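Enquirer: fold the stuff below for me.
(chains A, B, C and D)
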There are 2 protein chains.
Amino acid sequence: MAASTLSEVARLAGVSLATASRVLNGSSRKPAEDIAERVREAADKLGYVPNAQAQALAKSSSGLIGLVVHDIADPYFSAIARGVQEAARQQNRMVLLASTTGTPADEKEAVGAFAARRADSIVIAGSRSVREEDKQGNAELAAELDRYCRNGGHVGVVGHPVVGATAAEGYHVVEVPNEELASGLAEELAATHHGGFLIIAGPEGLYTSDDRVRGFQRGLADAGRPAAEVVRTGFNRAGGFEAGKALAERIKGSSDRLCIFAVNDVMAIGVTAALRPEGVWIPRDATVAGFDDIETLRDFRPALSTVHLPLEDIGRLAAGDPDTAPISGTVKLRRSTETPVESQL
Amino acid sequence: MAASTLSEVARLAGVSLATASRVLNGSSRKPAEDIAERVREAADKLGYVPNAQAQALAKSSSGLIGLVVHDIADPYFSAIARGVQEAARQQNRMVLLASTTGTPADEKEAVGAFAARRADSIVIAGSRSVREEDKQGNAELAAELDRYCRNGGHVGVVGHPVVGATAAEGYHVVEVPNEELASGLAEELAATHHGGFLIIAGPEGLYTSDDRVRGFQRGLADAGRPAAEVVRTGFNRAGGFEAGKALAERIKGSSDRLCIFAVNDVMAIGVTAALRPEGVWIPRDATVAGFDDIETLRDFRPALSTVHLPLEDIGRLAAGDPDTAPISGTVKLRRSTETPVESQL
DNA sequence: GTCATGTGGGAAAGCGCATTCCCATTGCCA
DNA sequence: TGGCAATGGGAATGCGCTTTCCCACATGAC
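Expert: Below you'll find the model as predicted:
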């Protein structure tokens, strides 16, 4: 990538470098109109494109905002990414994307790369974890973030603080009331469902999952119900599918109608998909609820009961857009948890 | 964003700038081990993070790859984005993201921004259009791309060339055999479906949509079937939904079982969703096929007949990954176009 | 002991731009 | 008309780094 430079433009226009810079890149000093016109003409003729790298170097601000997600093709993350993108657009910045496999070590690397590019701020969208195997990775990630913040960077984290991060300045957590919402979901479900409950959760130590589990149990307790059994599996569709497969026989063998809470929508879809070929129908033989209210899944049938999360707003907020309200969600009861009509009872 | 600089590291280590650079940033000349160690220690103590902007400026290569999509939250684009991301990772580059609203004017702006950042290459994933209202935008976009290519940039476009782009050097189109695949789909459908066909297409002038329509018609013709009626609507779920609503009465009033081809999956989902509350069931009262085979939609029921496209590979290929095979797709017939069993006829 | 050869560190010149000074004009008032 | 402030263009510096070129020194052969 080479291109014509500002000094070439200046020479062609017969002005100094300083003047050319002032004309083309919005300085506070406005050269006279006739000169400006000459410079603009020269720039146009040469097809001048300012070198943002050099500009960034000169005024030490890159106009970049880094986004760390586990998987950009996951609808949860891509919805957040859209929000971040919008905020960036408003702030006249560009989004740098890094997909990690979800391990803190990868995330640390991504943060390092963003820091190297002198991103003005960094958004971390993946769920935090306290699992033992992530311990060292978390520590390193935290150190990297601390350093970045100390150097004047801004960090927005979705959900939970990065474990071990201590930087106060520039560190910003977008709180997602997972626990409260899950509790609310449990209470609403308990109002119409009289059988047992079961939770399909992600691996222990994943904050988002743990919060939702805790909240759901609390909601059940508040409704005077016994705690639900918790099954742990992968935090994705495959995990839900697997859990569903394992559950099928049990559901078929029992007369109790089980209400299954999968801690996110794609897991709920996985469960449902696994159950269907086994002849277990939702909501006839069991009911299922998810969490997130993923847009692409809205047309799924039976319509999934879930908790709506304003993912775009979350992204916007994490990217530092100030005029977004704090995050709240809404319980959405749909067909997948409907009580069967009396005649079927 | 300020941070400690290389010269600070050099001073602390008691070596010259050149030596420090050689130690820390992989030069061909390797300083002696004891010196190198001293430099590394100093860098570590200062928390040195190389300034990628300055590096890019000095060696004129940014390590950036720009990605232009219409909407990152659209599963079609996010799947491509994943591929681009993977390729970038392999090439040790980072992805710069730009979402546009789909108008060429926006895309032009994005390309300009990428050029300013001296991105090594640019991937344009949105569908090309020849609509009259896009004419000027297209021309400007083409000019911007040409300029970028002349300056040594690489461009990868998914599907069709940008209208009017003339740069030969560095311009690379990932061919997607939309027409052939749509034709194949039509033929396979015609083998079992004996009623009429109808196509729900995007706006006229959208290459992707037009190609698929043309291919489908050709396939029908090859199978000795009359051409299908074409309904034009938005190229998204909303468009499909609208078309579905408009179609419901007609389907209910006719004894002929219609086979509906929506030119992409989300439109097909939209159609199905619109038809369902009207009492028109798929595949009982009509059949529906889509195109793309979006992963998130796989669990949709009735399972959608569609054409599988290796979206990740497309992204990888557009991002310049050479070890990806040329793009081909596969027709996937599923439940949504199944012929009813005889008893139901 | 001398000279060719090689090794490895340092000085300095940019990369493309913003910005701070500096200086030549001009306009204005006394 | 002289003097002062304001105006606006230009030279030069530096942002943080890579890389070329130079030089000091060590090594080996003759």
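Enquirer: around chain B, pick out the residues from the stretch 101-250 of chain A.
Expert: By CB under 8 Å from any CB of the partner chain, the part of the stretch 101-250 of chain A that sits against chain B consists of A:112-113, A:115-120, A:147, A:150-153, A:237. Every C-beta, even on glycine, is put in place using the N, C-alpha and C of the backbone.
Enquirer: now do 7 Å
Expert: For the stretch 101-250 of chain A, the contact set with chain B under CB under 7 Å from any CB of the partner chain comprises A:112-113, A:115-118, A:120, A:147, A:151-153.
Enquirer: save those as JSON lines, and put in neighbour count too.
Expert: Formatted as JSON lines, these follow (neighbours: other CB atoms under 10 Å in any protein chain shown):
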{"residue": "A:112", "neighbour count": "17"}
{"residue": "A:113", "neighbour count": "20"}
{"residue": "A:115", "neighbour count": "25"}
{"residue": "A:116", "neighbour count": "18"}
{"residue": "A:117", "neighbour count": "28"}
{"residue": "A:118", "neighbour count": "25"}
{"residue": "A:120", "neighbour count": "21"}
{"residue": "A:147", "neighbour count": "19"}
{"residue": "A:151", "neighbour count": "16"}
{"residue": "A:152", "neighbour count": "14"}
{"residue": "A:153", "neighbour count": "25"}
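Enquirer: which members of those are the farthest-apart pair?
Expert: Farthest apart among these by CB to CB are A:113 and A:152. That separation is 17.4 Å.
Enquirer: restricting to C-alpha, output whichever strand or helix holds residue A:141 in CSV.
Expert: Using DSSP states H and E, residue A:141 maps to helix A:135-150. C-alpha atoms of helix A:135-150 as CSV (Å, rounded to 0.1, in the frame of the first residue of the first chain):
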residue,chain,number,x,y,z
LYS,A,135,-6.7,-19.2,36.1
GLN,A,136,-3.4,-18.4,34.6
GLY,A,137,-4.9,-17.1,31.4
ASN,A,138,-7.2,-14.9,33.4
ALA,A,139,-4.4,-13.4,35.4
GLU,A,140,-2.4,-12.6,32.3
LEU,A,141,-5.4,-11.1,30.6
ALA,A,142,-6.1,-9.0,33.7
ALA,A,143,-2.5,-7.8,33.7
GLU,A,144,-2.6,-6.9,30.0
LEU,A,145,-5.9,-5.0,30.6
ASP,A,146,-4.5,-3.2,33.6
ARG,A,147,-1.5,-2.1,31.6
TYR,A,148,-3.7,-1.0,28.8
CYS,A,149,-5.9,1.1,31.1
ARG,A,150,-2.9,2.6,32.9
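Enquirer: A helix includes residue A:331, no?
Expert: No - read with DSSP: H, G, I helix; E, B strand; the rest coil, residue A:331 is strand and lies in no helix.
Enquirer: list the residues that contact the nearest residue to residue A:213 once chain neighbours are set aside.
Expert: Spatially, and ignoring its direct neighbours in sequence, residue A:213 is nearest to residue A:201 (5.0 Å; CB to CB, 6 or more residues apart in numbering or on different chains). If you count contacts by CB atoms under 7 Å, 6 or more residues apart in numbering or on different chains, residue A:201 has them with A:209, A:213, A:230-232, A:263.
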